[in-house]
Structure formats: C-alpha cells, structure tokens
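S.K.: when you get a sec, could you give me coordinates for this:
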Amino acid sequence: MIKLEKTSKEYRKFGAALALAFIFVGSMLLWKGHLSGTKVFYSWSVITLLFVILKPSIMKYPILVFMGIGWFNTKLILLLSFFLIVTPFGLIMRISGKDPLDQKWKTGKDSYWLVPENSETSPKHIEKPF
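M.R.: Model (predicted):
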C-alpha cells in the first residue's frame, strides 16, 4: 500500500466529507422515523467537525482506515470482475473457436500483412487524422 503524506487542508477536507456523510445518514434515518439513530449520527457529525476545526491531524487515523478499505475493495472488485466476466468470456470464445484478433497461423501464406480497408493517403488526412 502506498504511504501518502497528507496536509492539514486534506485532513480538513476529509473531515468535512465525513461529517457530511454522517449528516446524510442521520437525515435518512430521520426520514425513516428512527430518532435515536439520527441523534447518534448528528452527534458524530458535530464531533467530527470539532476535531477538524481544533486539530485536523487527528483525521489521519480515519483516513488510514478508509484507505485500507478502499485498497481491499479495489482488489476484490478487480478479482470478481476478472473471474466472473473476463474468464467466462475467454472460455466461451476458446470453446467456440473464435479468433477475433486473427492470431492463428495460416499455413501456405507468403505474407501475413493485412491491407487496411480505409487507407486514405491524402495530405489533408495525414494532417488531421481524426
């Protein structure tokens, strides 16, 4: 995991975002009618804002926790997407005999060069290819 040096400004920004998240969750609980949960999340929001105002460097520890969770989730999402999407797709292509990149060697050919279908060679196309 990469160790990042954080500044006081980044600590304040993270603390403000965390306080807003607490306010959001508390508001959702208030909307659902759970008053005790609302008080807890609003209190956490106020405490977080006080820490951010008085001593922003205390946000170092929550940042480390969230960075660790993010690191783990990234690995998990990549692993699941590879094994649930890419691997079955490759197996299906291999079983069906498809070769979308045309990688198979064809015997009896003198050259494997493919002539492009749209080969514009005018100077205007070369100056602005797209």
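S.K.: name the spans of this protein whose pLDDT lies under the cut-off.
M.R.: 1-4, 118-122, 129-130 (pLDDT under 70).
S.K.: the same query, at a cut-off of 80, please.
M.R.: 1-6, 102-109, 112, 114-130 (pLDDT under 80).
S.K.: could you report the distance from the residue sitting nearest the centre point of the chain to L80?
M.R.: Most central residue of the chain, judged by C-alpha distance to the mean C-alpha position with Cα atoms, centre = their mean, is T74 at 6.9 Å. According to Cβ to Cβ, to the nearest Å, T74 stands 11 Å off from L80. In this view, the C-beta of every residue, glycine as well, is placed from N, C-alpha and C.
S.K.: which SSE is the closest residue in space to S57 that isn't next to it in sequence in?
M.R.: Spatially, and ignoring its direct neighbours in sequence, S57 is nearest to Y11 (6.0 Å; Cβ to Cβ, 6 or more residues apart in numbering). Per DSSP states H and E, Y11 falls inside helix 8-32.
S.K.: cool, and Y42?
M.R.: helix 35-54.
S.K.: the residue of the chain most remote from its centre and G97, how far apart?
M.R.: Distance to the chain centre peaks in the chain at G108, reaching 47.5 Å (criterion: Cα atoms, centre = their mean). As judged by Cβ to Cβ, G108 and G97 stand 20 Å apart.
S.K.: what comes up buried for the host helix or strand of I95?
M.R.: In this assignment (DSSP H and E), I95 forms part of helix 87-96. Within helix 87-96, no residue counts as buried by 16 or more other Cβ atoms under 10 Å.
S.K.: swap in stretch 9-23?
M.R.: 11, 14-15, 18-19, 22-23.
S.K.: switch those over to a markdown table; also include distance to T48.
M.R.: Converted to a markdown table, these look like this (distance: Cβ to Cβ, whole Å):
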| residue | distance to T48 |
| --- | --- |
| Y11 | 11 |
| F14 | 10 |
| G15 | 6 |
| L18 | 5 |
| A19 | 4 |
| F22 | 6 |
| I23 | 10 |
